[in-house]
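[1] please work out how this folds:
(2 chains)
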Amino acid sequence: QKEVEQNSGPLSVPEGAIASLNCTYSDRGSQSFFWYRQYSGKSPELIMFIYSNGDKEDGRFTAQLNKASQYVSLLIRDSQPSDSATYLCAVTPGGFKTIFGAGTRLFVKA
Amino acid sequence: EAQVTQNPRYLITVTGKKLTVTCSQNMNHEYMSWYRQDPGLGLRQIYYSMNVEVTDKGDVPEGYKVSRKEKRNFPLILESPSPNQTSLYFCASSLEPYNEQFFGPGTRLTVL
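    Numbers count the residues shown, from 1 in each chain, chains lettered A, B, ... in the order given. Coordinates of the predicted model:
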């Protein structure tokens, strides 16, 4: 079992819809959870981070963390074509390592 | 401008020819990491450093070396590159290991 798992996609949603991206992790001691966005040929950039159970909202983005289920998700409301990218889930499983999922490709159709 | 820089951005080399990829950050960050990115595998951590002279292995350290002699620099060394090290490499830094990481622009390495 991979330590951080994401559906590779592609996930295709129409413009204006809600995109839901999911991530599961295996280490129950994981402390920090991140969502990065990566455009083709570019570096990853942070979208959201979350440390505690529950929801965290920032503009059109909401991160949700459920440590009991070892699950973290990212919701993108009012999706725009500019949101089309690969979304990477990252987890710090204790110690000082960072584990990334393989990423989910999102396409937002105009 | 706060940034992480990497050099070179593109490199084609041959098996066995030692190479170094440099990484530098100007944000006074304690934590620095090297990742490789391969299709379908996402980002995999090669090495990380907590501070000057403190480094440790990530998930895929075989065939790589690092050093951290200055806080701002964290070079990645391939002593004897092999074709399976052909990849896209990213350097990243953060204030602490549990904080947001800032990524460099990437180095695309091809080993023939």
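
[2] beta-bridge partners for the closest residue in space to A:Asp83 that isn't next to it in sequence, please?
    Closest residue in space to A:Asp83, ignoring its immediate chain neighbours: A:Val108 at 5.1 Å, by CB to CB, 6 or more residues apart in numbering or on different chains. All C-beta atoms are positioned from the backbone trio N, CA, C, and that covers glycine. Listed beta-bridge partners, A:Val108: A:Val13 (assigned using DSSP bridges).

[3] what's around A:Val108, how many residues?
    20 (other CB atoms under 10 Å in any protein chain shown).

[4] for it, what are its contacts?
    A:Ser12, A:Val13, A:Pro14, A:Glu15, A:Ala17, A:Ala19, A:Ser79, A:Gln80, A:Pro81, A:Ser82, A:Asp83, A:Ser84 (CB atoms under 8 Å, 6 or more residues apart in numbering or on different chains).

[5] could you do B:Phe90 as well?
    A:Ser43, A:Pro44, B:Gln6, B:Trp34, B:Tyr35, B:Arg36, B:Gln37, B:Leu43, B:Phe103, B:Gly104, B:Gly106, B:Thr107.

[6] ends of stretch A:13-20, how far apart?
    Chord length of stretch A:13-20, first to last residue, is 10 Å (CA to CA, to the nearest Å).

[7] again, but for stretch B:60-67
    One end of stretch B:60-67 sits 16 Å from the other (CA to CA).

[8] buried residues in that stretch, which are they?
    For stretch B:60-67, the buried set under the neighbour-count rule, 16 or more other CB atoms under 10 Å in any protein chain shown, comprises B:Val60, B:Pro61, B:Tyr64, B:Val66, B:Ser67.
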